[in-house]
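J.: only geometry, no sequence info:
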């Protein structure tokens, strides 16, 4: 793995007590997200999915009823999140892995996605994380993140460099010309989300 001090610092932050507290605060975050994921699956039918930064499975849980057993995967670097996921949703394949070095072969998944994870990546390794997400997808890449027209750092619970808003949709298209935008929407707090913008891209063969 590339030696990147800032990435390592943030990974240590999220895998430690700071990340544990986040898991505890967000145990029920996915309870109202079913309608969105149902609409995504209807619009973009897939068979095998991967969420990078899956926390306790609040998003992935909605795929388990519509995909074959063993075809739903999630990775995270927080062991408390993974333990909770394995306890509540044992039918989801959950693995420990940093986002910048995913333990999967190329094009294994029909859909790879993040929801509020790229905002926590440092400038130094963000393109690497995004390239890993694209590499592991056979067809679709979904990105759900805080949007800003320009790079905007937001103070986050006393830590610097821990939350950065960007135009992730444009960045994906600039870095990976093979991606074509298929869908874009906004998910507000009253919909069970946190005012995030979602982009869905399709890889061109």
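T.: On my side now, so go ahead. Treat the numbers as computed from the prediction; the structure is a model and nothing was measured.

J.: if I pick the closest residue to residue 166 other than its chain neighbours, what's in contact with it?
T.: Spatially, and ignoring its direct neighbours in sequence, residue 166 is nearest to residue 151 (5.4 Å; C-beta to C-beta, 6 or more residues apart in numbering). Where C-beta positions appear, they are placed from N, C-alpha and C, glycine not excepted. Shown in contact with residue 151 (C-beta atoms under 8 Å, 6 or more residues apart in numbering): 123, 164-166.

J.: which one of those residues sits closest to residue 177?
T.: residue 166 (18.4 Å; C-beta to C-beta).

J.: since we're on residue 102, how many residues are nearby?
T.: Look at residue 102: counted by other C-beta atoms under 10 Å, it has 22 neighbours.

J.: just checking, it touches residue 132?
T.: Yes - counting by C-beta atoms under 8 Å, residue 102 sits close enough to residue 132 to count as a contact (4.7 Å).

J.: returning to that earlier point: now do the phi/psi pair for the residue nearest to residue 166.
T.: phi -50, psi 120 (degrees, to the nearest 10).

J.: Also residue 27?
T.: phi -60, psi -40.

J.: Make sure it is actually in contact with residue 55.
T.: No - between residue 27 and residue 55 there is no contact under C-beta under 8 Å: 9.2 Å.

J.: thinking again about what came up before, pull up the overlap in contacts between residue 102 and residue 132.
T.: With C-beta under 8 Å, 6+ apart as the test, residue 102 and residue 132 both reach residue 52.

J.: so is the nearest residue to residue 34 once chain neighbours are set aside in a helix, a strand, or just coil?
T.: Distances taken as C-beta to C-beta, 6+ apart place residue 62 nearest to residue 34, at 5.1 Å, with adjacent residues excluded. Of the three states, residue 62 takes helix according to DSSP: H, G, I helix; E, B strand; the rest coil.
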